[in-house]
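Trainee: quick one: sequence and predicted model below, then my questions.
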Amino acid sequence: MNSDDHEAKHDDLLEQAIAAVKNEASASNLAPRTVADTLAALRKAEAKHSPRIWNRVIAMTLTQKIAAAIGLTITGLTIYFVFSLLGPSVTYAQVAAQIRAAKSMVFDATAQTVNSPKEIKMHYLCMDTGRMRIEMPGEATMIMDIPAHHMLMLQPNSKTATLTDFSGSGPAGSTPAGGQQDMVAQFKKLGEAQGEPIGEQMVDGVKAKEFRATVHGIDAFVFADAKTGMPLKVEFKYFMGLSNLTFSNFDFDAHLDPSQFTMEPPAGYTLQKQSFTIKGDLADNVVPLLKVYAEHNAGEFPPNLTDWAGIFKKMMGTTKPATLSAELTKIAPNIGATFGLLAQYQKGKTYDYLPENAKWGDADKIILWYQPEDSKTYKAIYGDLHVADVTADKLPSPPTP
Amino acid sequence: MINWDLVMQSEGPAVWRCSRRILGNDSDADECFQEAFLDAVNFSRRQTVTNWRALLIRLATARSIDRLRQRSRHERREQATDWNQLANSNASPPQMAQAAELSQRLRAALVKISPRQAEVFCLTCLDGWSYAETAEHLGISLDSVGVTVHRARSQLRQLLACMNEVSS
């Protein structure tokens, strides 16, 4: 038999297989029970997104809407860096086995600030290709394509789409500034090592095992289904100025439509473009934040650098929202990166913030110092916001061992 | 508000058949069918749907291919695929057994090509979508559809031939 005969034979085999599959399917039909179950599931899914939250959102003031949109950028960037902390140190092998195969991840995030009982709710969709979509119902949606170094913010109320290009942060495909490229892969690490079992409790009607782990001084509580080991909820307590940050309603391996991650704005949106360089060094991010804050607050620096909600509220309250919106939007990535990066240091040990030690313009007084990883000296930020390398004996507050 | 009863009535059977064709069993098809509709709920929150059938079939196809791959991984863990066993798991009459065997082999081959190729192949060759329809609903060019189908068919031909040689 020559090669043409072989090819014809194989083509015939494929056609026969296609025909076999088509004919086979005609033997079965959609069952009424499946229809009923699916309709019930559809109604449940629609009820889950009841219009009450939308009504509340519509009732928000303009200032609140601007705050929510910028807050979303800050939170997104914060969490981008926070995921860097989820190293192999949190929970247990059974959970890891369940999530290791995940190619995508969908979950809800609820954040509550220390000074306000109001909850901020977000819906996350993450793919293992480094793409992420964060939806704040009715307010704004942020789409990140980390390998491509692009971020798109959609604001449905004003029909504006802001495309941020942070390609200056490194070559395409690289991970900017020490953050993590792939949220799914990072989350998988939650299961790679030890967690301390602390009991059992019910989570949304499911019996769950609870584990506690401390990552860089932050307590993380992981709740996993007692039967299957599937993570049900992850909580961070008193973290980054939040009283509570909870990830829940996980759906691993959900089918995510690539169109949800497109950087093309929807029809009818006005596109605005900006570029930004994400830098991994704390000083590069905290200095712009301190500068803008001081400019709007009579030369004073923020009393607490980890209370992002407090900083934000103060800045929103002192200037007309329209003016501050643009300014805050510009530095929002810096704010997000600051909170994310700061979480990697331990106060008093590897960093300290001393706003009372200097006033804006003081060139010889340190307001913030930190020790970069693998460095024997310290970076110090002075009152006039210049940065210098110093030895431990020059620090206003000696680092604790 | 979407009238899901109406959508279900008009599009449900075609969507279910699409999943059933790819998966080859009713229970998996039921699950992917439901997942495709739930995906459609999310999709419809973001944008207006003008062609429910196309959207649901596309979602069901993607879900079914994912399921086929998961099933294959699971089966690999349980036991390595035995082509001889497939060839011998015949029932009477012989033509039915041969057709069943061919269907199984095509499904086994589909998990070995890329998910995108499998998706485009299923839509065009099993569901009968035109290249233009496929291009429109997947948001890719007509040329890209043609190339993907060509590559998918070529790889599937080779995989089927290999399986044939192993079992003979």
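Mentor: On my side now, so go ahead.

Trainee: got any ranges where the stretch 51-200 of chain A has weak pLDDT?
Mentor: A:51-103, A:112-118, A:128-129, A:137-139, A:166-196 (pLDDT under 70).

Trainee: mind running it again at 50?
Mentor: A:51-70, A:80-100, A:170-183, A:189-193 (pLDDT under 50).

Trainee: over to chain B?
Mentor: B:78-92.

Trainee: which residues touch the spatially most central residue of it?
Mentor: By CA atoms, centre = their mean, the mean C-alpha position of chain B lies nearest to B:Ile22, the distance being 3.5 Å. By CB atoms under 8 Å, 6 or more residues apart in numbering or on different chains, the contact set of B:Ile22 is A:21, B:61, B:64-65, B:68, B:107, B:110, B:122, B:126. (Glycine included, C-beta is placed from N, CA and C.)

Trainee: let's go with 10 Å and repeat that
Mentor: Listed by CB atoms under 10 Å, 6 or more residues apart in numbering or on different chains, the contact set of B:Ile22 reads A:21, A:25, B:28-29, B:32, B:60-61, B:63-65, B:67-68, B:106-107, B:110, B:118-119, B:122, B:126-127.

Trainee: so it: helix, strand or coil?
Mentor: helix (DSSP: H, G, I helix; E, B strand; the rest coil).

Trainee: show me which of the contacts of B:Ile22 are buried.
Mentor: By neighbour count, with 16 or more other CB atoms under 10 Å in any protein chain shown, these hold A:21, A:25, B:28-29, B:32, B:60-61, B:63-65, B:67-68, B:106-107, B:110, B:118-119, B:122, B:126-127 as buried.

Trainee: out of these, which are inside helices?
Mentor: A:21, A:25, B:28-29, B:32, B:60-61, B:63-65, B:67-68, B:106-107, B:110, B:118-119 (DSSP state H).

Trainee: can you give me the helices for chain A?
Mentor: So, for chain A - with DSSP H - the helices run A:3-25, A:32-48, A:52-58, A:62-82, A:93-99, A:183-188, A:282-296, A:308-318, A:321-342.

Trainee: surely A:Ser104 touches A:Gly130?
Mentor: No - A:Ser104 lies out of contact with A:Gly130 (CB atoms under 10 Å); the separation is 11.7 Å.

Trainee: and A:Leu42, what is it in contact with?
Mentor: B:2, B:4-5, B:7-8, B:34, B:37-38, B:40-41 are the contacts of A:Leu42 under CB under 10 Å, 6+ apart.

Trainee: now with 6 Å, please.
Mentor: Listed by CB atoms under 6 Å, 6 or more residues apart in numbering or on different chains, the contact partners of A:Leu42 are B:4, B:37.

Trainee: just the pLDDT at it, thanks.
Mentor: Note for A:Leu42: predicted pLDDT of 85.

Trainee: check A:Val203 too.
Mentor: Looking at A:Val203, the pLDDT reads 83.

Trainee: also A:Phe223?
Mentor: Reported pLDDT for A:Phe223: 82.

Trainee: now the one 4 residues further on
Mentor: Among the per-residue scores, A:Lys227 holds a pLDDT of 75.

Trainee: how many other residues sit next to the nearest residue to it once chain neighbours are set aside?
Mentor: Distances taken as CB to CB, 6 or more residues apart in numbering or on different chains put A:Lys207 closest to A:Lys227, at 7.3 Å, once the chain neighbours are dropped. Neighbour count of A:Lys207, defined by other CB atoms under 10 Å in any protein chain shown: 12.
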